[in-house]
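A.B. asks: Please find the sequence and the predicted model below.
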Amino acid sequence: MKEIPDDFKQRQLNDTRYICTKVKKYLGQLYARNADHQRVRVRVSKGVLTAALRKAWNLNTILSDDGIKNRADHRHHAIDAAVIAATSTRFMQSLSRLSAQAGKDGLASGIWNSAIQHRMNAP
């Protein structure tokens, strides 16, 4: 299989971020209130955070035996949506700060997974 150039990946990520921003705004206008007239928050999540939680919660094994996300099986979108739905905004902000502090090296090491477990067990 051919290697995908890094600049192509970066363009795709930028396009995805832009689309998420627009979709969030649109859905926020459509579903600003629920049936009880309470404000409904529409939020998006960074893929790296969703992926880290999916891995920490062993959800990749739902679609593959080796624990690697299978992009050919589009059910992974439902799993990502469930991960986001199962987290609070506060929790995701906390993980986002940890992610910024850890950097790429921290994300690749066990520091990140232990931080996620610690945050999940915190009151």
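C.D. replies: Now that the structure is in, tell me what you want to look at.
A.B. asks: alpha carbons only for contacts and neighbour counts from here, please
C.D. replies: Noted.
A.B. asks: could you list every residue that touches residue 54?
C.D. replies: Taking Cα atoms under 8 Å, 6 or more residues apart in numbering, we find residue 54 in contact with 60, 79, 80, 83.
A.B. asks: neighbours around the nearest residue to residue 51 once chain neighbours are set aside, how many?
C.D. replies: Spatially, and ignoring its direct neighbours in sequence, residue 51 is nearest to residue 80 (7.9 Å; Cα to Cα, 6 or more residues apart in numbering). Counted with other Cα atoms under 10 Å, the neighbours of residue 80 add up to 19.
A.B. asks: isn't residue 80 right up against residue 48?
C.D. replies: No. The pair residue 80 / residue 48 is not scored as a contact, 11.1 Å apart, by Cα atoms under 8 Å.
A.B. asks: which strands and helices sit next to the strand or helix carrying residue 91?
C.D. replies: Using DSSP states H and E, residue 91 sits within helix 89-108. Packing partners of helix 89-108 (3 or more Cα pairs under 8 Å, 6 or more residues apart in numbering; DSSP states H and E): helix 47-56, helix 110-121.
A.B. asks: run the last query once more with 6 Å
C.D. replies: Helix 89-108 sits against no helix or strand, with contacts defined as 3 or more Cα pairs under 6 Å, 6 or more residues apart in numbering; DSSP states H and E.
A.B. asks: Three-state assignment for the residue nearest to residue 51, please.
C.D. replies: Per DSSP: H, G, I helix; E, B strand; the rest coil, the local secondary structure of residue 80 is helix.
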